[in-house]
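For reference, the sequence and a predicted model appear below.
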Amino acid sequence: MKYVATIGDREYIIEIVDERHVVVDGVNYEVDFESLSGQPVHSLLVNDRSFEAHVYPSDEGWQVLLRGNLYELQVEDERERRLRASMGGGPIAAGEYHLKSPMPGLVVALPVEEGHQIKKGDVLVILESMKMQNELKSPRDGTVSRVRVKPGDSVEQKETLLSVL
Amino acid sequence: MFSKVLIANRGEIAVRVIRACRELGMQTVAVYSEADRQALHVRHADEAYLLGPAPSRGSYLRADKIIQIARKSGAGAIHPGYGFLAERADFAQACLDEGLAYIGPKPSSIAAMGDKAVARATVAASGVPVVPGTEGEGSLTDEQLLDLAPKIGFPLLIKATAGGGGKGMREVRNLKEMPSLLHSARREAEASFGDGNVYLEKLVEGARHIEIQILADNHGNVIHLGERECSMQRRHQKLLEESPSPFVGDDEELRQRMGEVAVRAAQAVDYLNAGTIEFLVDKDKNFFFLEMNTRLQVEHPVTEMVTGVDIVKEQIRIARGRQMRHTQEDINLNGWAIECRINAEDAYNNFLPSTGQISHMIIPTGPGVRVDTGVYPGFEISPYYDSLISKLIVHGETRGEAILRMRRALEEYKIVGVRTNIPFHQHLMDSHRFMGGQYDTRFVEERFSMDAAEEGKEDLSEIAAILAALVAHQQTERAAHIIQRGERDTSNWKWVGRWERIHR
């Protein structure tokens, strides 16, 4: 099976030949890949070099935490890639963005209101958790379309707090 | 004289105090909230009593209940740890009124130093230099503070009178933004300490935060255990400490001078037990009294590593009315120690707190490594308490050795289930500025980035790509297995039957 892994603007064509062999951009590698005790911690031997990494699925693809560095990547197999290419490719047009609570906590303040024009980096919600006040910022420009919480509310992790259009 | 100690705290510090008691052959009493039934301090203690619901107001801040439990369990002393009730004069007094030894200073010293504004006035009167601010004014209203601010000059800091650990602290650049910052500082101070009073202090720019550990006994002896460098901070939260300070370095004269001033500040409030005098040090090595922490500090282990003094045991010894085991002449700083605070905060996502269950953990060991922690695999990190889950401390003959050892230990440290700031510390250990000891309290915010790779570091993008592809592949395969039938050589029913027999 062939995969395309993208990190930033770099692409790697990775062919998984069998359990012990992968080909990256035409170069053969001997690999030995193990998950450690059922955890998202993986041990990888590549041509006898030993690596250990945390690999997490994320909203955008995968996150690999390797020797203190976090690599954010997308992995597609050939079929997915062809499918996307035939659909015109490119990232999906920006729709509504839902700000989800990254952790359980208490809404301390909402500096914005429905209808407010906001810029990328503007503070949308101040959430208190672990005795710290955390500013949740907007990832893009837009208009606040729906506010679902108010100051004093306790929220769960991944609960939608507000939406930006 | 007591032989049973109640630890009025949780987390790594409760475990730390229990360890000291154990080594001294003392009985230990833990208290816990509903969220902490499975916490390590409960498991390690000889006795454990439920305080109440998870929020600290209903549990770890319930002074009345804690004293009741002390009485019920027959504990003769209370160790407050840090945070929660650790710097509350009324709590210390209530302990004494009950005939309990309080393992810490006298209530009067806590009160004098605990009100940061009064503290500054008191030490200033004994000739200790202080940073300009609204010291000795008592509690002021917003209007009074707004009035005083231009006289001190901007930039300045709003600080919680009952504060510590950066809680309720705000930096103010101009008068316009001050009212809203005052509001949020008071709110945070009220939430953290149950006291919304704040004061103002001039912001010394390019400053280093260096503190001196003090020990004082009932027999008139006051000694200092050298300094700790605490400039590595983010939003006024310390992230890493070292002893000695690379800034003080081999300037033995400066070290002794700061030590003597610290001793004088402690004597100004008739201090007893362990305490810490925090100084701001400017580029020209002028130092100013910042505040005194009348308790055990989070970062006390670095001092323990270089001096060989067990500060917690010494605290207990002093509380029992004994003389300290050391005189000033005995204290030498040997080698170098560094502590990294491991927080459940995502270093790659703006240090947002991370909660959840720790599913897997490998703690670094080996020569010169110490880990103080209150968590273990299976333990749930809740949003109710602060995000410090562990302290990783290393000792080396030199600073260089300590840094290399810390690098090694950080790479060994595996925590799965919550995101941590371990990657932050790893980047820090590779930073040339950190290696050169060139950092001030603004370093993390102004000159540090998780993205900037230091020169000479191997780019492992390709390895990361292989890993992600393999994990993605595994996932697709597994999904395919679930759908496909008859993949096995026998029917699935037979296979299940065999499997069940094996596991019977």
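Yep, it's here.

List the residue ranges of the chain that fall below the pLDDT cut-off.
If you meant another chain, say so; for now it's chain A. In the predicted model, chain A carries pLDDT under 70 at residues A:87-94.

let's do chain B instead
For chain B, the stretches with pLDDT under 70 are B:135-138, B:164-165, B:452-456, B:481-492, B:495, B:499, B:502-504.

Specify the local secondary structure of the residue in it that chain A sits nearest to.
Nearest to chain A in chain B, going by CB to the nearest CB, is residue B:426, at a distance of 3.0 Å. C-beta coordinates here come from the backbone N, C-alpha and C atoms, glycine included. Classification of residue B:426 by DSSP: H, G, I helix; E, B strand; the rest coil places it in helix.

That one touches residue A:70, doesn't it?
No: judged on CB atoms under 8 Å, residue B:426 makes no contact with residue A:70 at a distance of 10.7 Å.

Checking my notes, residue B:276 in a helix, right?
No: with three-state DSSP as the criterion, residue B:276 is strand rather than part of a helix.

Which residue ranges of the stretch 401-504 of chain B form strands?
Along the stretch 401-504 of chain B, counting by DSSP state E, counting those that start in this stretch, strands occupy B:414-416.

Quick check: residues of it near chain A?
Along the stretch 401-504 of chain B, the residues adjacent to chain A under the rule CB under 8 Å from any CB of the partner chain are B:410-411, B:414, B:416, B:422-423, B:426-427, B:430, B:450, B:453, B:460-474, B:476.

Buried ones among those residues?
Buried residues within these, counting neighbours by 16 or more other CB atoms under 10 Å in any protein chain shown: B:410, B:414, B:416, B:422-423, B:426-427, B:430, B:450, B:460-473.

ok, so what distance separates whatever residue of chain A ends up closest to chain B from residue B:232?
Nearest residue of chain A to chain B (CB to the nearest CB) works out as residue A:68 at 3.0 Å. Look at residue A:68 and residue B:232: by CB to CB, to the nearest Å, they are 16 Å apart.

Neighbour count for the two, which is higher?
residue B:232 (24 against 20; other CB atoms under 10 Å in any protein chain shown).

That one in helix, strand or coil?
Applying three-state DSSP: residue B:232 is strand.

cool, and residue B:18?
Reduced to three states with three-state DSSP, the structure at residue B:18 is helix.

just residue A:163 next, same as before
Using three-state DSSP, the structure places residue A:163 in strand.

Confirm for me that it is in contact with residue A:143.
No: with contact defined as CB under 8 Å, residue A:163 does not count as touching residue A:143 (9.6 Å).

Look at those two and report which has more neighbours.
Ranked by neighbour count (other CB under 10 Å), residue A:163 and residue A:143 place residue A:163 first, with 18 against 13.

element containing residue B:111?
Using DSSP states H and E, residue B:111 sits in helix B:107-114.

tell me the domain ranges of the chain?
In the absence of a named chain, chain A is used. Here the domain parsing of chain A from automatic domain parsing is A:2-86, A:97-164.

that's the other chain; I wanted chain B
Taken from automatic domain parsing, chain B resolves into B:4-102, B:104-126+B:205-334, B:132-202, B:335-457, B:461-502.
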